[in-house]
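Undergrad: sequence? don't have it. structure:
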C-alpha cells in the first residue's frame, strides 16, 4: 500500500497498544514514522517490526518543553505531515475521591500532551498548506462513564479542541479529527478489568462482561481496527473530513 508514501508521521505513545498498531499501519501504508515515547528503550519491540530508519524521540507528554524539543527533533528528520496524538492514561475513582491532583494528572496526559504536540507541529503544517492531525480520544470523550470523571472530562476537552481547531485551519488543507475507540484489547482495558475484580470481587470474566455490556458486538475493539480509521483520515482523499469524532466501538454509541 502506498497511500502515504512521502509523508512523515509522528505518533505519540507509540510503544504499545493502539499507538504501536497505528505506527505499524502508517508504515505499511508507506509513511516514514517517528515514535515519540517516554523512554527510548520501551519502543524496541515496535522498532523490530518497522522498516530500518524508523526514528524514536523521547518526551514525557506531560512536559510541554520536552514535547516541543522532541517534535523539533522529529521535524529535523523530515517535515511532519501527520501527527497522531495517541498517548493517554486512565485512573478511576468515585467522584468524591477525585481530587484536584487526579484531575490534573488526567488532563496532563490526555489533553495537555496533545495540545503541546499540536502547538509544536502546526505552524509548519500551515506554512506547507498540508497536514493531518488525529487525536486518539475515546467514547469517554462523547459520553459519560461512572468512576472515571477526570478521564472523561479530559477526553471531552480533547474532542472539543479537535472541533475548534478543525474550523480554525480548515482553509489551509490541514485536517483535525478525533478517533474515539470503545473498550479496546490493550493493557489499559486489562487494568480496568483488574480494578473491577479487585474492588468488587467479581471474576475476570464477569468484569470483562460488565465492560462490554454496552457494546452491541459484545467484543473488545482490536487495536488494528483503530489504526485503520486513523490511516484513512491521514490519506489525501480524506481531505474533506475534518472536525469529526469517529467512533470505533462496535455500535456502542449508535
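TA: It's in. No experiment lies behind these values; they were computed from the predicted model shown. Numbers count the residues shown, from 1 in each chain.

Undergrad: could you list the low-confidence segments of the stretch 151-254 of the chain?
TA: Flagging of the stretch 151-254 of the chain using pLDDT under 70 yields an empty set of residue ranges.

Undergrad: helices along that one, start to end?
TA: In the stretch 151-254 of the chain, the helices defined using DSSP state H, counting those that start in this stretch lie at 187-200, 204-211, 223-234.

Undergrad: out of these, which one sits most buried?
TA: Highest mean neighbour count among the helices of the stretch 151-254 of the chain (mean count of other Cβ atoms under 10 Å): helix 223-234, with a mean of 22. To be clear about C-beta, it is placed using only N, CA and C from the backbone, and glycine gets the same treatment.

Undergrad: who are the packing partners of that helix?
TA: On a contact count with 3 or more Cβ pairs under 8 Å, 6 or more residues apart in numbering; DSSP states H and E, helix 223-234 meets helix 17-28, strand 82-85, strand 131-136, strand 174-181, strand 245-248.

Undergrad: quick check: angle from it to strand 131-136?
TA: Relative orientation of helix 223-234 and strand 131-136, computed by axes from the mean of the first three to the mean of the last three Cα atoms, to 10 degrees: 150 degrees.

Undergrad: quick one, what contacts the residue positioned nearest the centre of the chain?
TA: With distances taken as Cα atoms, centre = their mean, residue 86 lies nearest the centre of the chain, 2.2 Å away. Neighbouring residues of residue 86 by Cβ atoms under 8 Å, 6 or more residues apart in numbering: 11-14, 18-19, 22, 136.

Undergrad: one more time with 10 Å
TA: Contacts for residue 86 (Cβ atoms under 10 Å, 6 or more residues apart in numbering) come out as 11-14, 17-23, 36, 61, 113-114, 134-136, 179, 226-227, 230.
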